[in-house]
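Visitor: Here's a sequence, model it:
(2 chains)
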Protein chains: 2
Amino acid sequence: MNRIITIGREFGSGGRELGKRLSDFLGYAYYDKEIIEEIAKRTQLAESYVQQIVEQKAGVFFPITIGRTFQHVHHTVGSDFMLKQYTAVYTEQANVLREMANKSDCIIVGRCADYILKEHAPLRLFVYANMDSKVERCKKKALEQEDLSDKALRKKIKQVDKSRAQYYQYYTGQRWGDRTNYDLCVNTSSISVKECAEMLAQMLEKR
Amino acid sequence: MNRIITIGREFGSGGRELGKRLSDFLGYAYYDKEIIEEIAKRTQLAESYVQQIVEQKAGVFFPITIGRTFQHVHHTVGSDFMLKQYTAVYTEQANVLREMANKSDCIIVGRCADYILKEHAPLRLFVYANMDSKVERCKKKALEQEDLSDKALRKKIKQVDKSRAQYYQYYTGQRWGDRTNYDLCVNTSSISVKECAEMLAQMLEKR
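Guide: Model (predicted):
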C-alpha cells in the first residue's frame, strides 16, 4: 500500500509549506492544483469555480450536522442547487484523491483527505498555531496589493477556519481539529514547519 | 535557561514511558517519586497521602471553574478542609517544580507542569491514544493480581482522565488536552512511544 500523509491545518499555520517540505524530503507526490484541474475536467465546471467551491468561498451555508442526522438550518434561496453542485464536486474530489492514493506515495493538504482515504491508513497530521503567529505568517505571504491590517487578518483567519470546520463536519461527521481524528498535531508557533518536516521525514524513513 | 519538557497524558497512553525514554536519549533529569518525597517533607503530610492527593484519588470534587470565577457546586462535608489541604500540596508542588526547573534540564509528567513552569518556556507535549490501545497498554502493565476486565479498564481510564481534567482546569483555568495549550500532541495508537521519543530527541538535539 502506498504511504499517504494528510495535512489538516488552520489558515496561516503553514500546512501547505509543511506538505511541500515533506514532499521534498521524502520524494512523495504533492498534489495541489492538479486536483482542481482533474475535478474541473470531470464535472465540466470551470476551474475557477471548482477552486471557489473547494475553498468554500462560494458562500453556501452547510447544513449543521447533529450526529449523523442532517438538519437544514440555514436555508437560503438557491442553496439546494448549490449544495448539489458542492456534493458533485466533493464526490469527484473523493474519486480523484483515491486514484492519486493508488498511484503513488503522496501528501494531500486539506480536502477531508484524512477521512476519504482512511482505508489507506494515512498518517494524519493537523497543523495549528496561535493567532499572532498566524497573522505574522499571513503578512509575510501577502502580496503587496493585499496589505490587510492585523485586525482584518484575524477576522479572515477566523472566517476561513470556521468555513473549513463546517465543510469538514458536513462531509465527515467528525469535528475538525479534534485530536482524536489525527495522529499528530503540531503547533507551529513553537515548532517550526522546517523542524516539523525534518522530524517527520526522519521518522518515516525509518518505518 | 534550562530546557524543560512537560508531558500531559491520557491514562494508558504511555506518557510516563515517553518521559523515561526522552530522559534516556537526552540525559535530562526525569522527576517522579522525588517530587512526592519533597512535598511530603515540606507539608509534613505522609508520602502515601500526598501521593493520593497528587493522583487525585482522595475523592475531592473540584469546584467547577467558569472562566476565572470559582463556583462551588459539589459541596460535601469536609470538602473545605480537604480543598485547603489539596491547595497546600499544590502550592508546595509548584515550588518543588520551579526549583527542579532551575536546577537542570528536566522532564516532568503531569502535575500541571506546563502551566506552573510557563515562564521557563517548556516544550509542552500531550500524549493520547484511542481507547483500544489504552486498554491494551494497561493490560500489559497490570500486575497479575489486578487482572481487570476490558470493561472495567475502560471505566477506570475514563475516571482517571475525568479527574485529571478537573484537577487541571481547577488549577490552571485551562482545558486539559486542548491543543492550544500544547506544542505537540501525539496519538500513540499510530506513532509508537519509541518513535515519538526518537523523533523528539533528534529535534531537540539540533536546537
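
Visitor: Provide a list of residues in contact with the spatially most central residue of chain A.
Guide: Central residue of chain A (Cα atoms, centre = their mean): A:Gly110, 1.6 Å from the mean position. Listed by Cβ atoms under 8 Å, 6 or more residues apart in numbering or on different chains, the contact partners of A:Gly110 are A:Ile7, A:Gly8, A:Arg9, A:Gly15, A:Arg164. To be clear about C-beta, it is placed using only N, CA and C from the backbone, and glycine gets the same treatment.

Visitor: Using CSV, lay out the residues you listed together with distance to A:Ile39, pLDDT and secondary structure.
Guide: Listed next are the contacts of A:Gly110 as CSV, based on distance: Cβ to Cβ, whole Å; pLDDT from 0 to 100; DSSP: H, G, I helix; E, B strand; the rest coil:
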residue, distance to A:Ile39, pLDDT, secondary structure
A:Ile7, 19, 97, strand
A:Gly8, 20, 97, strand
A:Arg9, 20, 96, strand
A:Gly15, 20, 96, helix
A:Arg164, 18, 91, helix
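
Visitor: Between those residues, which sits nearest B:Cys185?
Guide: Among the contacts of A:Gly110, A:Gly8 lies closest to B:Cys185 (Cβ to Cβ), at 12.7 Å.

Visitor: Surely the closest one and A:Arg179 touch.
Guide: No - A:Gly8 is not in contact with A:Arg179 according to Cβ atoms under 8 Å; the separation is 10.8 Å.

Visitor: List the beta-bridge partners for A:Gly8.
Guide: Per DSSP bridges, the residues bridged to A:Gly8 are A:Phe126.

Visitor: Next up, the contacts around it.
Guide: For A:Gly8, the contact set (Cβ under 8 Å, 6+ apart) comprises A:Gly15, A:Gly110, A:Asp114, A:Arg124, A:Leu125, A:Phe126, A:Val127, A:Tyr168, A:Trp176, A:Gly177, A:Asn181, A:Tyr182.

Visitor: Could you check how far the last one is from chain B?
Guide: Just to be clear, that refers to A:Tyr182. A:Tyr182 sits 7 Å away from chain B, taking Cβ to the nearest Cβ, to the nearest Å as the criterion.

Visitor: pLDDT at that residue, what is it?
Guide: A:Tyr182 is assigned a pLDDT of 98 by the prediction.

Visitor: For burial, what's the neighbour tally of it?
Guide: A:Tyr182 sits with 24 neighbouring residues when counted by other Cβ atoms under 10 Å in any protein chain shown.

Visitor: Contacts made by the longest helix along chain A with the rest, please.
Guide: When chain A is scanned for its longest helix (criterion: DSSP state H), the result is helix A:79-103. Helix A:79-103 is contacted by residues A:2, A:4, A:29, A:31, A:35, A:38-39, A:42-43, A:45, A:50, A:53-54, A:58, A:60-61, A:63, A:106, A:108, A:111-113, A:116-117, A:120, A:122, A:171 when judged by Cβ under 8 Å, 6+ apart.

Visitor: Close to chain B: what parts of chain A are there?
Guide: Contacts of chain A with chain B, taken as Cβ under 8 Å from any Cβ of the partner chain, map to A:123-124, A:126, A:128, A:130, A:177, A:179-180, A:182-187, A:189-191, A:195, A:198-200, A:202-203, A:206-207.

Visitor: go again using 6 Å as the cut-off
Guide: For chain A, the contact set with chain B under Cβ under 6 Å from any Cβ of the partner chain comprises A:Arg179, A:Asp183, A:Leu184, A:Cys185, A:Val186, A:Asn187, A:Ser190, A:Ile191, A:Glu195, A:Met199, A:Gln202, A:Met203.

Visitor: Where do the strands of chain A begin and end?
Guide: For chain A, the strands defined by DSSP state E cover A:4-9, A:29-31, A:64-66, A:69-71, A:106-109, A:123-128, A:184-187.

Visitor: Give me the buried positions along the longest helix of chain A.
Guide: Neighbour-count burial for helix A:79-103 flags A:79, A:82-83, A:85-86, A:88-90, A:92-94, A:96-97, A:100-101 (criterion: 16 or more other Cβ atoms under 10 Å in any protein chain shown).

Visitor: So which of the contacts of helix A:79-103 are in helices?
Guide: Reading helices off these with DSSP H, I get A:Ile35, A:Glu38, A:Ile39, A:Arg42, A:Thr43, A:Val50, A:Ile53, A:Val54, A:Ala113, A:Ile116, A:Tyr171.

Visitor: can you pull the contacts of the second one?
Guide: By that I understand A:Glu38. The contact partners of A:Glu38, by Cβ atoms under 6 Å, 6 or more residues apart in numbering or on different chains, come to A:Val96.

Visitor: So, low pLDDT: which residues of chain A?
Guide: Chain A contains residues with pLDDT under 70 at A:56-79, A:144-145.

Visitor: 90 instead, please
Guide: For chain A, the stretches with pLDDT under 90 are A:31-37, A:43, A:45, A:47-88, A:141-148, A:163, A:166-167, A:170, A:206-207.

Visitor: Looking at the buried residues of helix A:79-103, which is nearest chain B?
Guide: Closest approach to chain B among the buried residues of helix A:79-103 (Cβ to the nearest Cβ): A:Ala101, at 17.2 Å.

Visitor: and the longest helix of chain A with strand A:4-9, angle?
Guide: 140 degrees (axes from the mean of the first three to the mean of the last three Cα atoms, to 10 degrees).

Visitor: Report the distance from helix A:79-103 to the chain centre.
Guide: 14 Å (Cα atoms, centre = their mean, to the nearest Å).

Visitor: Could you export stretch A:22-42 as PDB, CA atoms only?
Guide: Extracted in PDB, the C-alpha atoms of stretch A:22-42 (Å, rounded to 0.1, in the frame of the first residue of the first chain):
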ATOM      1  CA  LEU A  22       7.800  16.800   3.400                       C
ATOM      2  CA  SER A  23       7.400  16.100  -0.300                       C
ATOM      3  CA  ASP A  24      10.900  17.500  -0.900                       C
ATOM      4  CA  PHE A  25      12.400  15.400   1.900                       C
ATOM      5  CA  LEU A  26      10.500  12.100   1.200                       C
ATOM      6  CA  GLY A  27      10.000  12.300  -2.600                       C
ATOM      7  CA  TYR A  28       6.300  11.600  -2.200                       C
ATOM      8  CA  ALA A  29       4.000  13.300  -4.700                       C
ATOM      9  CA  TYR A  30       2.400  16.600  -3.500                       C
ATOM     10  CA  TYR A  31      -0.900  17.300  -5.100                       C
ATOM     11  CA  ASP A  32      -2.500  20.700  -5.200                       C
ATOM     12  CA  LYS A  33      -3.600  22.400  -8.400                       C
ATOM     13  CA  GLU A  34      -3.800  19.000 -10.200                       C
ATOM     14  CA  ILE A  35      -6.700  18.000  -8.100                       C
ATOM     15  CA  ILE A  36      -8.700  21.100  -9.200                       C
ATOM     16  CA  GLU A  37      -7.800  20.500 -12.800                       C
ATOM     17  CA  GLU A  38      -9.000  16.900 -12.700                       C
ATOM     18  CA  ILE A  39     -12.200  17.800 -10.900                       C
ATOM     19  CA  ALA A  40     -13.000  20.500 -13.400                       C
ATOM     20  CA  LYS A  41     -12.400  18.100 -16.300                       C
ATOM     21  CA  ARG A  42     -14.800  15.500 -14.800                       C
END
